[in-house]
Structures are given as structure tokens and as C-alpha cells.
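Undergrad: how would this look folded up:
(one chain, ligands or ions: 1)
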Amino acid sequence: MTVPLSTRGKLLVFEGIDGSGKSTQINLLADYLNAHGIRTLCSFEPTRGPWGMKVRQAAAGNERLDIEEEISCLLQDRREHVHNVIEPALEQGTWVLLDRYYLSMMAYQGASGCNVEEIREMNEEFAPVPDLAFWLDIPVETALLRMAERGLARDAFEEASFLEHCYRIYASMDMPWLVRIPALGDALQTQQQIRQAVAEEYPQIFSRANTAALA
Ligand code: TYD
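TA: Residues are numbered from 1 along each chain as shown. This is a model prediction of the structure:
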């Protein structure tokens, strides 16, 4: 039996270069949605399933898989994630908050030289289009500083030029459901912008009064 469209959950996606604060913002938004009686599920990609772990382990060893293999693992990981986690949750009316989705593939594998539009098409063949996606926009220099603070910096020159390329691809995306959020400032200010965008998209659920202050 198919659930009526109106009861389907929403897919909210958080994107940005490394160190842009996605997980903090996801947790704050989940609190806000829960306070409005909305059931949420927070997840991330690459997942910790076998395909995602293959990519993560290679990166942790400071290597990258060969690009064809990387794309194939990431697509397989996303297929399983959509089938086993994302779709079932949306069908049950749960709102799914994702830390990275296929826009990451457009940015990162695009920065490795793959055709960005082709990557989008490959993904949209099986992956539901987000209801809303937030690009947390921070400068590359800030991302590098934050990564260094967390002990994540690798070869600084290589990292900087690669992240610059990822950044430019994010900046060039113009889907109607993608919202750019300047994310350099205070985390709560950033969250306020996200809540406002969500409230404007779904005015029937979030009244103005509820979004004026952080819960
Ligand atoms: P990240 O969110 O940094 O994971 P964590 O904070 O858990 O370590 O994601 C790991 C990396 O995966 C990130 O550098 C971007 C990359 N990635 C891709 O290259 N393509 C993709 O399709 C996805 C989802 C991620």
C-alpha cells in the first residue's frame, strides 16, 4: 500500500567542504524539528556499510581509490542507503537529515575530473531529489584551519587546491531546492538561517512565532 504523498517525510541534505559544521547544524535542526513533533532520522554518507567503508578506509590511509572504483563504491553505498534507510524512513513520514549526499559526489568526484552533470544524472536515476539542501558556505582557508585544529590536515598544498575546486563546484550549483547558508559565524546564527529557510518552505508546519528564537 502506498502512503499518501502528504504524509511522506522530507529529505533535508547538508553539504559543504570539510569542516563546514554540517553535523552541528544537523543536530540543532533535529532538536527543532522534534520540538515541533516531527520524527527525524539523521544519517550520513559515505555510510559505515561495506562500500562506504572501503572509500573511508582508503582515505584514512591517505590514499584514494582509483576514481572509477571510488565512484562505483560510492554509488553502491548510496543505493543501499536509499533502499534500506532513506526510502523506508520517508515512507513512514520521518524527516531524513543527511550529512552529505550526491551533491558531495558532484563536488568531490567532479573536482577529481568527472563530469559534474553526468554525476548528477547517474544519481538521480535512483536517488530521491532532496526537498531542501543547504550548502554551508565557508572559505577554503577556514576549512583548512578547522581541519588542522582537528588534526585532519594532509598535504596542505594539495588539499587547498582540491578543496578550492570542490568549493567552486558547490558555488556553481543552482538547483531551486539548494540554499546557500553563509556559515562562517556563530553556529547558532547559522542555525537560525537554516530554521528560517525550513519554516519558509513549510509555513503550514512552522509558524513565524516558533522560529523567532532558538528553542
Ligand atoms: P565527511 O563528511 O568528511 O565524513 P566524516 O566527517 O565522517 O569523516 O566525508 C568523508 C569524505 O567523503 C569527504 O571528504 C567527502 C567524501 N565524499 C565524496 O568524495 N563523494 C561522495 O559522494 C560523498 C558522499 C563523500
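Undergrad: switch to C-alpha atoms for all contacts and neighbour counts from now on
TA: Noted.
Undergrad: Now residue 161: which helix or strand?
TA: Assigned by DSSP states H and E, residue 161 belongs to helix 156-172.
Undergrad: Could you do residue 12 as well?
TA: Assigned by DSSP H and E, residue 12 falls in strand 11-15.
Undergrad: ok so, going back, and the angle from the helix holding residue 161 to strand 11-15?
TA: 140 degrees (axes from the mean of the first three to the mean of the last three CA atoms, to 10 degrees).
Undergrad: Could I have the CA atoms of whatever helix or strand comes next after helix 156-172 written out in CSV?
TA: Next helix or strand after helix 156-172 toward the C-terminus (DSSP H and E): strand 178-182. Extracted in CSV, the C-alpha atoms of strand 178-182 (Å, rounded to 0.1, in the frame of the first residue of the first chain):
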residue,chain,number,x,y,z
LEU,A,178,19.6,24.3,-2.9
VAL,A,179,20.0,27.1,-0.3
ARG,A,180,23.4,28.8,0.3
ILE,A,181,23.9,29.4,4.0
PRO,A,182,26.9,31.7,5.0
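Undergrad: Tell me how many other residues surround the closest residue to residue 179 other than its chain neighbours.
TA: Here the nearest residue to residue 179 in space, its sequence neighbours aside, is residue 134; by CA to CA, 6 or more residues apart in numbering that works out to 4.9 Å. Residues lying near residue 134 (other CA atoms under 10 Å) number 21.
Undergrad: Pull out the CA atoms of stretch 94-104 and give them to me as PDB.
TA: C-alpha atoms of stretch 94-104 as PDB (Å, rounded to 0.1, in the frame of the first residue of the first chain):
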ATOM      1  CA  THR A  94      10.100  10.600   9.100                       C
ATOM      2  CA  TRP A  95      12.200  13.500   8.000                       C
ATOM      3  CA  VAL A  96      15.600  12.400   7.000                       C
ATOM      4  CA  LEU A  97      18.600  14.700   7.700                       C
ATOM      5  CA  LEU A  98      21.600  13.800   5.700                       C
ATOM      6  CA  ASP A  99      25.300  14.800   6.200                       C
ATOM      7  CA  ARG A 100      26.400  14.600   2.600                       C
ATOM      8  CA  TYR A 101      24.500  13.100  -0.400                       C
ATOM      9  CA  TYR A 102      25.100  13.100  -4.100                       C
ATOM     10  CA  LEU A 103      26.000  16.800  -4.200                       C
ATOM     11  CA  SER A 104      29.200  15.700  -2.500                       C
END
